[in-house]
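>>> structure for this input, please:
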Amino acid sequence: MRRLKGRRPALVAALLALAVAVPLAAWAAPRYDTPDRPHSQNMHLIGASLRAGAVTGPPPAGPGTVPWDTRNTDLAFWGDLAIQGRYDGFRVIDIKAPGNPRELAFFTCVSPQGDVGVYGNLVFRSVDSPQRTDQCASESQSGSPTGADCSPAPSPCTGFEGIQIFDISNLNDIRHIASVALDCGSHTHTVVPDAANGRVLIYNSVSGTGRQANPGKYGNQCPGEPFGREDIVEVPLDDPASASVLGSFELGELDDGEMMMGCHDFGVVMGDVDLGACAGHPRGVSVFDISDPAAPEFLYAVEAPTVTGWHSAAFNWTGTILVTGWEPGGGTQPRCQATGTPLGGGQVQTDEMKTLFFYDTKTGEMIGRHVLPRPQSQYENCTMHNYNIAPHPTRNLLVHGSYQSGTALVDFTDVNNIYEVAWMDPLPLDPPTDTSPGGRSNFRGGDWSSYWYNGAIYESDTRRGLYIWKVSAPEVGGPFVKLDYLNPQTNHLSIAPKGKGKGKGK
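Okay, the predicted model is just below:
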């Protein structure tokens, strides 16, 4: 990689020194363990399945090249399969042997953002900007339908923004079986299994709350603010093609009476706990009782100093701690620099911009903070982005993927002493020589999300693809709960606190 003027020379030298991984006994260093991705000595890269996602740069050079705004996004897991979302579809990857993952299928469906969920043979995919039709395509079809027939609503227009459903039972013939249109689109979603009623519920987190164009209710016409609800999509397991909007629930208010308007992510823990949390707008996180998953009940909301526009919410598996984070700069700007660094426009880098906040779920009290300990450069887009928590009965271990700050495993068993166990922090991507497409002045890249799943860390790199890591550390010893599946934002079972008996799953 080309040397950068102004790069943090002392820090980079230290990272490179630490990048010499200590291989575990049976693992040889893979060829993709490159010097531009330094990591702690206890972080071992064991496998990768790479598919490029070109997130900046010039337009496609020709047929077969990757559009500049294509990215790899979330990961979902079912048994030995990983589903990796993309702005142009999704991948199905065999992870039975984590040291040798294999892409089994790539389904093309060009429409952003492409966050995914899975249940059995069903894959769910979010579409967060207006599309001219509700079908998949191999080229961009962004934009609302136009013409005399499109107004007033209802109309015969086939424009779409919402959740797509796919049947992957035959990987040689993946079928798009349903498109559930939603008023304000689907930026991302949360899979809430309800096997007792033969269905999966999907909590939909909207693309935005501003008024949108045709064709109408549950079809691409957001009513505009104030918008204080989360829609619920019902997917009958015996007839998933008939999926439809079941209803919605209100998001509650902050202590001063300000209405919560839209969730970015919605985290849940099920089993014996049944709690949900809306990482919301404008400045709070709403907590819910989801004992009846079709009718969540608002309990309370939490806040943090200077934080606006929450991004993510996740529970530990006992349901005793809620972890929250936000996304200053929208994920495209460098917001993990050294504290005090001028950011332009009168802004200054703060600790809060690169912090995870921890709350007691019984009291709503903030009980801990974790500030990213490795300052990033001005060339690295960064926030504490997406994360999940490993299902361990006695320790609280969080894995986060945070754009160009990379991936880290964090121990918060003692909320008064939260620390990193292991990390991978890539060197900055080369800065542009001039303004990049879309008016952006910095390259975007790094880790969209990272997840702990059955003993390994799975990293979704927006530009590169899937990487798989093992950690050798005392903190990862002991009896982890083996999961049959895992979805972003969803703990589908709970683990009873030590000495309280076994947990329960759904």
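>>> low-confidence bits of the stretch 301-450 of the chain, can you list those?
430-443 (pLDDT under 70).
>>> for Leu429, see how far away Gln378 is.
Taking CB to CB, to the nearest Å as the criterion, Gln378 is separated from Leu429 by 12 Å. All C-beta spots, glycine's among them, are computed from the backbone N, C-alpha and C.
>>> ditto for Trp423
18 Å.
>>> what does Val192 give?
36 Å.
>>> do Ile495 as well
In terms of CB to CB, Ile495 sits 39 Å off from Leu429.
>>> buried ones in stretch 185-201?
Within stretch 185-201, the residues that count as buried by 16 or more other CB atoms under 10 Å are 185-194, 199-201.
>>> now do the contacts for Ile367.
Ile367 makes contacts with Ile321, Phe358, Tyr359, Asp360, Val415, as judged by CB atoms under 8 Å, 6 or more residues apart in numbering.
>>> can you list these in a markdown table and add distance to Ala181?
Compiled in a markdown table, the contacts of Ile367 are given as follows (distance: CB to CB, whole Å):
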| residue | distance to Ala181 |
| --- | --- |
| Ile321 | 36 |
| Phe358 | 37 |
| Tyr359 | 35 |
| Asp360 | 39 |
| Val415 | 42 |
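>>> now those residues: which count as buried?
Ile321, Phe358, Tyr359, Val415.
>>> how about the secondary structure of the last one?
The three-state label for Val415, taken from DSSP: H, G, I helix; E, B strand; the rest coil, comes out as coil.
>>> for His176, see how far away it is.
For Val415, the distance to His176 - CB to CB - is 44 Å.
>>> same question for the third one.
Distance from Tyr359 to His176, counting by CB to CB: 39 Å.
>>> can you check the second one too?
The span separating Phe358 from His176 equals 40 Å under the rule CB to CB.
>>> helices of the protein, start to end?
For the chain, the helices defined by DSSP state H cover 9-18.
>>> any low-confidence regions in it?
Using pLDDT under 70, the flagged stretches of the chain are 1-29, 54-69, 145-158, 212-221, 430-443, 498-506.
>>> and with 80 instead?
Where the chain drops to pLDDT under 80, the residues are 1-31, 54-70, 144-159, 209-224, 430-444, 497-506.
>>> contact partners for Gly224?
Gly224 neighbours (CB under 8 Å, 6+ apart): Thr209, Gly210, Arg211.
>>> the same query, at a cut-off of 10 Å, please.
Counting by CB atoms under 10 Å, 6 or more residues apart in numbering, Gly224 makes contact with Cys184, Gly208, Thr209, Gly210, Arg211, Gln212.
>>> most surrounded residue in these?
Cys184 (27 neighbours; other CB atoms under 10 Å).
>>> that one contacts Gly228, correct?
No: checked against CB atoms under 10 Å, the pair Cys184 and Gly228 is beyond contact range at 11.7 Å.
>>> check the gap between Ala181 and Asp255 for me.
Ala181 is 35 Å from Asp255, by CB to CB.
>>> out of the two, which sits in the more crowded spot?
Ala181 (23 against 11).
>>> wait, doesn't Arg91 sit right on Arg51?
Yes: if you go by CB under 10 Å, Arg91 and Arg51 touch, sitting 6.3 Å apart.
>>> find residues that contact each of those two.
Shared contacts of Arg91 and Arg51 (CB under 10 Å, 6+ apart): Asn72, Gln84, Glu103, Phe106, Gly465, Leu466.
>>> and for the first one, the neighbour number?
Residue crowding around Asn72 was assessed by other CB under 10 Å; the count is 29.
>>> give the contact list for the closest residue to it other than its chain neighbours.
In this structure, Asn72 finds its nearest non-sequential neighbour in Gly53, 4.5 Å apart by CB to CB, 6 or more residues apart in numbering. By CB under 10 Å, 6+ apart, the contact set of Gly53 is 66-73, 84, 86-88, 445, 448, 460-465.
>>> and those residues, which of them are buried?
Buried among those (16+ other CB under 10 Å): 66-73, 84, 86-88, 445, 448, 460-465.
>>> where along the stretch 1-150 of the chain do the strands fall?
43-50, 72-78, 81-86, 89-94, 102-108, 113-119, 122-127 (DSSP state E, counting those that start in this stretch).
>>> for the closest residue to Pro375 other than its chain neighbours, give its distance to Phe315.
Nearest non-adjacent residue to Pro375, counting by CB to CB, 6+ apart: Ala338, 4.1 Å away. Per CB to CB, Ala338 is found 31 Å from Phe315.
>>> who's more crowded, the two?
Shown here are Ala338 and Phe315; by other CB under 10 Å, Phe315 has more neighbours (27 against 12).
>>> picking up where we left off before, of the shared contacts of Arg91 and Arg51, closest to Gly47?
Closest approach between these and Gly47, by CB to CB: Leu466, at 8.4 Å.
>>> what bridges to the closest one?
Assessed by DSSP bridges, Leu466 has beta-bridge partners Ser49, Ser460.
>>> wait, what's in contact with it?
Contact analysis of Leu466 by CB under 10 Å, 6+ apart lists 47-51, 72, 75, 82, 84, 91, 93, 95, 101, 103, 458-460.
>>> again, but for Gly406
Taking CB under 10 Å, 6+ apart, we find Gly406 in contact with 37-39, 43, 374, 376, 380, 382, 400, 423-427, 446-447, 450, 459, 461.
>>> could you rerun that using 7 Å?
Going by CB atoms under 7 Å, 6 or more residues apart in numbering, Gly406 touches Trp423, Met424, Asp425, Pro426, Gly446, Asp447.
>>> same question, Cys263
Ser205, Glu230, Leu251, Cys278, Ala279, Gly280.
>>> try it again with 8 Å
By CB under 8 Å, 6+ apart, Cys263 lies in contact with Tyr203, Ser205, Val206, Glu230, Leu251, Cys278, Ala279, Gly280, His281, Ser286.
>>> Ile95 now?
By CB under 8 Å, 6+ apart, the neighbours of Ile95 are Phe77, Asp80, Leu81, Ala82, Pro101, Tyr458, Ile468.
>>> hmm, Tyr453 and the first one touching each other?
Yes: the pair Phe77 and Tyr453 passes the contact test of CB atoms under 8 Å, sitting 5.1 Å apart.
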